[in-house]
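1. Predicted coordinates and the sequence they were generated for:
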Amino acid sequence: MSRIGKLPIEIPEQVKANVDGQTVHVKGPLGELSRVVHRVIEVKTDGNVITVHPRDETKFARSLHGLSRSLLKNMVVGVSEGFSKELEIVGVGYKAEQAGDGMKFSVGFWHPINYNPPDGIKVEVTSPTTLIVKGIDKELVGQVAAVIRGFRPPEPYKGKGIRYKGERVRRKVAKTVGIGM
């Protein structure tokens, strides 16, 4: 049995959880999320606790046990506290700015990159070289941060590009021309 899957999920006071068949609805002060759990997993609520159990002991059910519990826990944390990822822009002339509902990135191309985040995601520009991606869905926050990082990933020679806060970029030594003889 999964060590993570066995742990109960505590529901805070301001969060309401409802299980309707295989669909789990979670509503909190920041918003509402729902997810359909696979049929080999059984989800029960008892007061302010959600428990997850596999319906049988197949390898497939065991593999989804801990995953389902983690996804439900992320839903509860998301609607009560929210998630965020911070990105840094490194490079001379590289910057980001708000442009209406979306973002405008100048990261070394001849044209700016315009990006509109999906619904439920908020991107804040705290300075021209730092931005924060916020939302209640952990998967969507990570995906949007990865898309933004993909506009100009950090390169290994000078380290220029868009990176996660605290990400270490392994630097390479540039080739040198040896004049011999």
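-> Here it is on my side, so go on. Numbering: from 1, shown residues only.
2. And the chain, what are its domain boundaries?
-> The domain map for the chain lists 3-80, 83-164, with the assignment taken from automatic domain parsing.
3. With distance to residue 178, mean neighbour count and mean pLDDT added, can I get these in CSV?
-> For glycine as for every other residue, the C-beta is placed from the backbone atoms N, C-alpha and C. Shown next, in CSV, are these (distance: least, C-beta to C-beta, whole Å; neighbours: other C-beta atoms under 10 Å; pLDDT from 0 to 100):
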stretch, distance to residue 178, mean neighbour count, mean pLDDT
domain 3-80, 53, 16, 93
domain 83-164, 19, 16, 93
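4. For stretch 89-105, give me every contacting residue.
-> In this structure, residues lying in contact with stretch 89-105 by C-beta atoms under 8 Å, 6 or more residues apart in numbering are 106-108, 112-117, 123, 125, 128-131, 148, 151-152, 154, 158-163.
5. Next, the contact list for residue 17, please.
-> Taking C-beta under 8 Å, 6+ apart as the test, what residue 17 contacts is 11, 24-27, 45, 50, 76.
6. Please, which helix or strand holds residue 5?
-> helix 3-6 (DSSP states H and E).
7. What lies in contact with that helix?
-> If you take C-beta under 8 Å, 6+ apart as the criterion, helix 3-6 is touched by 52-54, 65-66, 68-70.
8. Which helix or strand lies directly C-terminal to that helix?
-> Moving toward the C-terminus from helix 3-6, the next element (DSSP H and E) is strand 9-10.
9. tell me what that next one is packed against?
-> strand 49-54, helix 59-80 (3 or more C-beta pairs under 8 Å, 6 or more residues apart in numbering; DSSP states H and E).
10. and that strand, which strands flank it?
-> Counting by DSSP bridges, the strands paired with strand 9-10 are strand 49-54 (antiparallel).
11. Relative to residue 52, how far out is residue 60?
-> To residue 52, residue 60 is 15 Å away according to C-beta to C-beta, to the nearest Å.
12. Residue 80 too?
-> From residue 80 across to residue 52, the span is 19 Å (C-beta to C-beta).
13. which ones are touching the residue nearest the centre of the chain?
-> The centre of the chain sits closest to residue 142, judged by C-alpha atoms, centre = their mean, with a distance of 2.2 Å. For residue 142, the contact set (C-beta under 8 Å, 6+ apart) comprises residue 85.
14. Next, it: secondary structure please.
-> helix (DSSP: H, G, I helix; E, B strand; the rest coil).
15. And the one 3 residues further on, by the same measure?
-> At residue 145, secondary structure determined by three-state DSSP is helix.
16. Also residue 149?
-> At residue 149 the chain is in helix, as set by three-state DSSP.
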